[in-house]
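Student: Dropping the sequence and predicted coords here.
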Amino acid sequence: MEDFNAVEILIVEDNPHDAELTLRAFKKNNLANSILVAKDGAEALDFLFCKGKFEKRSFTNPPKLVLLDLKLPKVSGLEVLKIVKGDKLTSHIPIVVVTSSKQEPDMKEAYALGVNSYVVKPVDFDQFINAMSSLGLYWILVNEPLK
Amino acid sequence: MSEFEIKPELKRTIPWKLVLIFLLFSLAIIVMGLFYYESQRKNIFTEQENNLSAIATLKIGQIQQWHSERLRDAFVIRDNRLFIRSIKQYLYDKNTGLKDELLYWMQSVSRGTDYFNVLLTDTTFKVRLSVLKSDTVAGEVIEHDLRHALKEQNIIMTDLHRSSYVSNVHMDILVPLSDSVQKKRIPVGVIILRIDPEKTLFPLIQSWPTPSKSSETLLIRKEDDSVIFLNELRHRHNTSLNLRLPLIESLPASMAVNGVTGLVEGLDYRNIPVVAWLADVPGFPWYMVAKTDKEEILSPLKKYVFLIILIVVLLVFINASIFGFWIWQQRIKFYRSQLKNEVSLRESEMKFRQTFDLSPIGIVMVGLDRKFLRCNNAFSYSLGYKMEELVGKNIAEVTYPDDLEIGMSEMARIAKGEFETSHVQKRYLRKDREIVWSDVLISLIRNNSGHPMYFLAIIQDITESKKVIEALRESEERFSKSFKTSPISFMIANMEDGRIIEINDAFTAISGFTREEALKSTTFDLKLWVHEQDRKEMIETLGNGNAILHKETLLRGKIGNISTVLLSAQIIKLNNSNCIISSIEDITRRREAEAEVRIQSEIMSHMAEAVYLVRMEDGIIVYANSRFEELFGYGPEEMTGRSVSILNAPTDKSPEVTEKEIMSELGKNGFWMGEVLNIKKDGTVFWSHATVAIFDHSKFGRVLVSVQNDITDRKNAEFQIKKLNEELEGRVKKRTELLEAANKELEAFSYSVSHDLRAPLRSVHGYTKILLEEYEDKLDDEGKRICGIISSSATQMGALIDDLLSFSRIGRSSLNPMLLDMKSMVTSIFADISSNVEKSRTKLKIGKLHKASGDANLIKIVWTNLISNAIKYSSKEIISEISVSSQLVYDRITYSVKDNGVGFDMNYKHKLFGVFQRLHSEAEFEGNGVGLAIVQRIILKHGGKVWAEGEVGKGATFYFSLPVEGDGQQASGDMQIKNPTPYA
C-alpha cells in the first residue's frame, strides 16, 4: 500500500497481535481498505506531519481516524496526542485513545490534551470486536471530518 | 494758703438777676431804635413816591401841553387857504416869483422855538422847497404817514426817528395842504415841520424840579422784544434811539412797557438799584420812568441810622452805669461786713495756726481734689517729707496702695454727708517707702453757706505700737499654727492630776481621741499609758529638773491600738500651775517598716534568683543580692558601683539595639521579659531568663530592677532537643523519600500490570476465538471444549487483574471524608447491582442506618461487596432474605449485613478477609477472593473494624464499624447534614 494519501484509518499500536485483532474487527465490517498501522509514536508523527518515508504525503488528505495506544516505544501515546492536538495543521484530526487499562491519570491527561474519545480494550474478544466495530463505523461513516 | 482763698464765694458770685434786668432794659432800647429806624425809612419812601409821581405827572402834563402847541402850529398852516393857494400857484402854476416869498415864510417858521427845518412837498412827496438845502428827501421813513396825512387830510405827528438825510433824532409834523374847489378838497402838497427834540422836548424831560444827584426822567417805547430809550440820559450819552435793552424783569423801563405803573424798585440800565415811578404818556406810544437812585433816597436815612445807634448806645451805657453803680454799692456794703468778720477770723486763724503747726499730732488739710492743702510739722516729719513737698501732692502718693480704698471711700462718704467724721486706721508710705501705720480722724470743713471746703484730718502715727502688736500676734500665731499643724503630736497636760489642757491634730490622728474628748479628760481617763510606770518615771525625772528626750514608750489609742512612740517632755508654767508639754512621735510604722526591710533583705539574700538594681541615670549597679554575686562569680559588694555593661556578653545584636527594644517594651507594658546572654567574672558566658522593670527608688532615684534565673541547663536541654528534632526530621524526610520512591515503583508496577498483563490475555482470548470460529471443522468436541476453557480462563484472569489493581489502589489513595447518608446509599446500590430476577426473589430489609463520616467512593465499594456477597451466597434459597442495620455503641457505629444464605464455618473465619482466600469453590459460587480483602482494607483505612459471624447453612452476618467523630451527635441520624453527600 504505497498510496499514503488514501489512508483513512491510522492504527498506532506496538503489539502486533492487538493490531491484527483490531484489523480483523474492521475487516468484519469492511472497513479495512485503507488502514495503516504505525509501530510506534515516532512513525505515527512522521505520517501525520508528512515527514520521513511519508514526505510525499499531502496534508490535504488527513486520516479520518487515528486509533492511539498509550504505551508506545520511542514517543508515548500522550506525547503524540499533545503534539498533534497542539499543531493547527493536525489538531482537527479525530484521535481515539485505545488502551488496555483505565488508569485515571492517563484519562485525565488525555482529555485535557483534547482527545476525541477514550476506549479501554476489553479482554473478551467478542466485546473487543464489538467495541472496535462500533468505533470504526461511527468515525468513518457517521462522523463528518473537517476537510 | 491765704484767707482770701477760703472765701472764694465773693469773687465768684454774679448777681444774675441784676444782669438779666440790665439785659432786658438794653434789649428794649435796641428794639425801640430799630422801630424808629423802620418808621423813618417808610416815611422817606412815601415821600419819594409822592415826589416821583408828582414829577412824572408834571412832565406828562408838560409833554401834552407841548404836543398841543405843536398841533396848533399845524392847524394854523392847514387852515390858511390864501397861503395854500400861493403854494398851489407855486407848485402847479410855475409862479416862480412866489418861491422867495414862500422860502422866507418857511425860514421864519423854522427859526421858531422847536423846528429846525420846514419842507414843502408836492402830492408826490417830492421836496420842492426846504429851508436846509441838505434836507431834500421827505418820504424815506415817513412815507406811510405822508400818504395817510394827505389822503385823510389829518395832521400827523410822527414818532421820534432818524433818516439817512437827517442824522439827528427828530419828529415831523405833517400838515396836509388842500384846496377846496367846488366843495371838493383837492390835495396840493404837504408842509413838513421838523421838530428838534433837543430844543424843547428833551430838556423838558431831563429837567428835575428839585436838586438831586441821580434823579432823572426817561421816555421809552417798546420795540419788538426790547425797550428803546428815546431821550438822552443823565448818566450816559448818545442814547437817544441808540440804547436798546432786552426786556429784563428787574429793569424798571421794561416793567413800564409791560404795563406796570406806580412805584417800583429795580436795577436801572447801569445796574444800580433805583426807585422809580412808572406811567404811560397819553397820546404817544411812550412810557415815562421817573427814577432816583436808591442810595440817594436812603442817604438821609444813613444819618438817622448813625443817630439812632448813637442814642441806643448812650442809653445802654447809662443803663449799665446805673446797674453798675447799684452793684458796687451792694458790694461795698458786703465788704464792710466781711471786713469785720475777717478781723475776728484772723485772730482765730492765728490761734488755729499755732495749734496746727505746733501740734505733736499730725494735722492736715486736704482739698476736695484730695490734694494736701496744708500739713503740719508732726505729719510731714512722720512721713519723712518737708512740709512744702507735701502741699499739692495727692494723698494717694503717700498712701500704702492697699489702703487707698479705705481713705478714699471714707472721704467720699463724708463728702456725701453720710456722717460728719470718720475714724480709720490706715497705712501711709514714708518717703523712704517704709510703712507708717496711722490712726486717722477725718472731718469735712464747710463754709458758712454749707459748701464743703476741705477735709481736716488728725493723724496719729501708731507704727511703733502696731509693730509691737503685730510681732506679738505673729509669734503667737506661729506658735499656735506650728503647734496645731505640727506632724509631731503634742499634748499639754497638768502635771498634778494629768488633766489634758491642749492637744494638736497630730495627736488626734495617732490617738483617735478628738480634741473635745481629750480636753474633758485626764490621761488616766483615756488610759493613754500602757505602762503606768512610764508616767511615774517621767514625772520623777521632770520633777528633778531634767527634760525627757526621745524616750521610747508605748501609748494606747482610743480603740485600744498600741503605738510605739518617742516621747519628749518638758515642764511649762501655765496659769501658775505646772504642766507638762510632751511631743510624741509615732514610730510604729517606722519600726514595722524596719522589720519589713529586714525581712525583704533576708528574702533578697536568700533568693534563688539573682536580683540587682541599676541606676537609670548612669547605668551603675546600686544593689546586688548574694545570689547575684554567686551567679556572676563576684565577691560580696564587689558589684555595687560598677557599670552594668560588664555583665552583658556580646551577642549578634548591638547593645544599643537591645537596649532600645527593652526600653520600648518597658514603655508599653511596664516590664520586659526575655533571655539574655551574660558574662561571668571569669569570662564564662551563660544564658539567663531576666525580668526587668523600672521604678522610683527612694534613695537611688529612677532604677531598673532585673531578676535573673540561670537557664544554662534549660538552654542546653533545648539545644539537645533541637538537635534531636533536626536529626529526626532528617530521618523522617529520608524515610518519606524512600516511601515515595517505593510508592512510585508500585504505581509503575501496577500500571505495567494493568497494561502489559492484559495484552497477552487479550491475545489468548482473541486467537482462541479465531480458532473456534475459523477452524471449527478441524476441531473435535474435546478440542472445542479446551478452547472454551482457555478463553474463559483468560477472561477470569482479566477480572482478577482489575480487582488486584483496585485493591492496591485503595492502599495508596487518600481519604476524602464527608457525612454519608447510609440508607440512601444502600438503597441505590441494591437497585444498581441486582438484576430484575434477583430483585424479585430478594427480600431486603433496611433497619435504622446511622449517618457516618467516610469517603463516599470507598464506602460505596464496601456496601457493594457486602450486598452483592449476600445476594450471591443466598441465591440458592427460594427467597433471599437480607437485612441491613446499624447500632451506635459509645464511639462507634456498627453496621451489619445479614443473609439467609449458605453461611460459613466459623473455623475458617480468619481466611474470610485474606486476598485470594475463598471458602467456596469457583464452581459453587464464582468469585476471585479479593472483594472482602478490599472491604477490610477500606474499613481499616477509616479506623474501623470488619468481622463476620456465620454457620454453615444458616446464613452469615458481616459487620463493619466506623468511629464516630466529634461528640457523637453526628451519628444520631437525626441531625442535620452539614455536608450533604453528593452520593445521595
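Tutor: Cool, got the structure.
Student: What's the first helix or strand after the helix or strand hosting B:V565?
Tutor: If you go by DSSP states H and E, B:V565 is part of strand B:562-574. Going down the chain from strand B:562-574, the next helix or strand is strand B:577-586, by DSSP H and E.
Student: quick one: buried residues of the strand holding B:V565?
Tutor: B:S563, B:T564, B:V565, B:L566, B:L567, B:A569 (16 or more other Cβ atoms under 10 Å in any protein chain shown). Quick note: C-beta positions are derived from backbone N, CA and C, even for glycine.
Student: Partner strands of that strand and their direction?
Tutor: Sheet pairing of strand B:562-574 (DSSP bridges) gives strand B:548-556 (antiparallel), strand B:577-586 (antiparallel).
Student: can you put those in TSV and add distance to B:A457 and mean neighbour count?
Tutor: Output for the strands paired with strand B:562-574, formatted as TSV (distance: least, Cβ to Cβ, whole Å; neighbours: other Cβ atoms under 10 Å in any protein chain shown):
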stretch	distance to B:A457	mean neighbour count
strand B:548-556	57	16
strand B:577-586	48	19
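Student: picking that back up, please state the offset of the strand holding B:V565 from the chain centre?
Tutor: Here strand B:562-574 shows a centroid-to-chain-centroid distance of 66 Å under the convention Cα atoms, centre = their mean, to the nearest Å.
Student: ok, now stretch B:721-732?
Tutor: On Cα atoms, centre = their mean, the centre of stretch B:721-732 falls 74 Å from the chain's centre.
Student: go on, stretch B:753-771?
Tutor: The answer for stretch B:753-771 is 103 Å, by Cα atoms, centre = their mean.
Student: Same question for stretch B:313-332.
Tutor: 72 Å.
Student: Repeat that for stretch B:384-399.
Tutor: 51 Å.
Student: same question, stretch B:192-199
Tutor: 103 Å.
Student: Any idea how far apart the tips of it sit?
Tutor: 17 Å (Cα to Cα, to the nearest Å).
Student: mean confidence score for stretch B:229-237?
Tutor: Taken as a whole, stretch B:229-237 has an average pLDDT of 82.
Student: swap that for stretch B:815-829, please
Tutor: Rounded mean pLDDT across stretch B:815-829 is 89.
Student: interface residues of chain A facing chain B?
Tutor: A:15, A:17-18, A:21, A:24, A:70-71, A:99-101, A:103, A:121-126, A:128 (Cβ under 8 Å from any Cβ of the partner chain).
Student: Please narrow these to those residing in strands.
Tutor: A:T99 (DSSP state E).
Student: Pull out the buried residues from the residues of chain A next to chain B.
Tutor: Buried, going by 16+ other Cβ under 10 Å: A:15, A:18, A:21, A:24, A:70-71, A:99-101, A:103, A:121-125, A:128, out of the residues of chain A next to chain B.
Student: Flag every residue of chain B that's near chain A.
Tutor: So far as Cβ under 8 Å from any Cβ goes, chain B lies against chain A at B:751, B:754-756, B:758-759, B:761-763, B:765-770, B:791, B:794-795, B:797-798, B:805.
Student: Quick check: B:N544 vs B:N625, distance?
Tutor: As defined by Cβ to Cβ, to the nearest Å, B:N544 lies at a distance of 50 Å from B:N625.
Student: So between these two, which is more surrounded?
Tutor: B:N625 (21 against 7; other Cβ atoms under 10 Å in any protein chain shown).
Student: which residues touch the more buried one?
Tutor: B:M604, B:S605, B:M607, B:A610, B:V611, B:Y612 (Cβ atoms under 8 Å, 6 or more residues apart in numbering or on different chains).
Student: Same check on B:T292?
Tutor: Taking Cβ under 8 Å, 6+ apart, one finds B:Q48, B:N51, B:L52, B:S212, B:S214, B:S215, B:V274, B:V275, B:A276 in contact with B:T292.
Student: For the residues you listed, give me CSV that also has secondary structure, neighbour count and pLDDT.
Tutor: Formatted as CSV, the contacts of B:T292 follow (DSSP: H, G, I helix; E, B strand; the rest coil; neighbours: other Cβ atoms under 10 Å in any protein chain shown; pLDDT from 0 to 100):
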residue, secondary structure, neighbour count, pLDDT
B:Q48, helix, 19, 83
B:N51, helix, 20, 85
B:L52, helix, 24, 85
B:S212, coil, 15, 81
B:S214, coil, 18, 83
B:S215, coil, 23, 85
B:V274, strand, 24, 88
B:V275, strand, 24, 87
B:A276, strand, 28, 88
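Student: rewinding a little: pull the most distant pair out of the buried ones among the residues of chain A next to chain B.
Tutor: A:R24 and A:Q103 (26.2 Å; Cβ to Cβ).
Student: Look at the single nearest residue of the stretch 501-650 of chain B relative to chain A and give its secondary structure.
Tutor: Per Cβ to the nearest Cβ, B:P650 is where the stretch 501-650 of chain B lies closest to chain A, at 57.7 Å. Assigned state for B:P650: coil (three-state reduction, DSSP: H, G, I helix; E, B strand; the rest coil).
Student: Phi and psi next, for it.
Tutor: As for B:P650, its main-chain torsions (degrees, to the nearest 10) stand at phi -70, psi 130.
Student: repeat for B:G670
Tutor: phi 90, psi -10.
Student: Which residue comes closest to it once chain neighbours are left out?
Tutor: B:A693 (6.5 Å; Cβ to Cβ, 6 or more residues apart in numbering or on different chains).
Student: Please name every helix or strand in contact with the helix or strand hosting that neighbour.
Tutor: Assigning secondary structure by DSSP H and E places B:A693 in strand B:685-697. Under the contact definition 3 or more Cβ pairs under 8 Å, 6 or more residues apart in numbering or on different chains; DSSP states H and E, strand B:685-697 sits against helix B:655-669, strand B:671-679, strand B:701-710, helix B:712-752.
Student: Quick one: these as CSV, columns for mean pLDDT and distance to A:L31 too.
Tutor: Formatted as CSV, these follow (pLDDT from 0 to 100; distance: least, Cβ to Cβ, whole Å):
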stretch, mean pLDDT, distance to A:L31
helix B:655-669, 80, 83
strand B:671-679, 85, 83
strand B:701-710, 86, 90
helix B:712-752, 85, 31
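Student: just to revisit the earlier point, from the contacts of B:T292, pick the one nearest chain A.
Tutor: Nearest to chain A among these, with distances taken as Cβ to the nearest Cβ, is B:V274, at 134.1 Å.
Student: beta partners of the closest one?
Tutor: Applying DSSP bridges, one finds that B:V274 bridges with B:G266, B:D293.
Student: where's it relative to B:L267, distance?
Tutor: In terms of Cβ to Cβ, B:V274 sits 7 Å off from B:L267.
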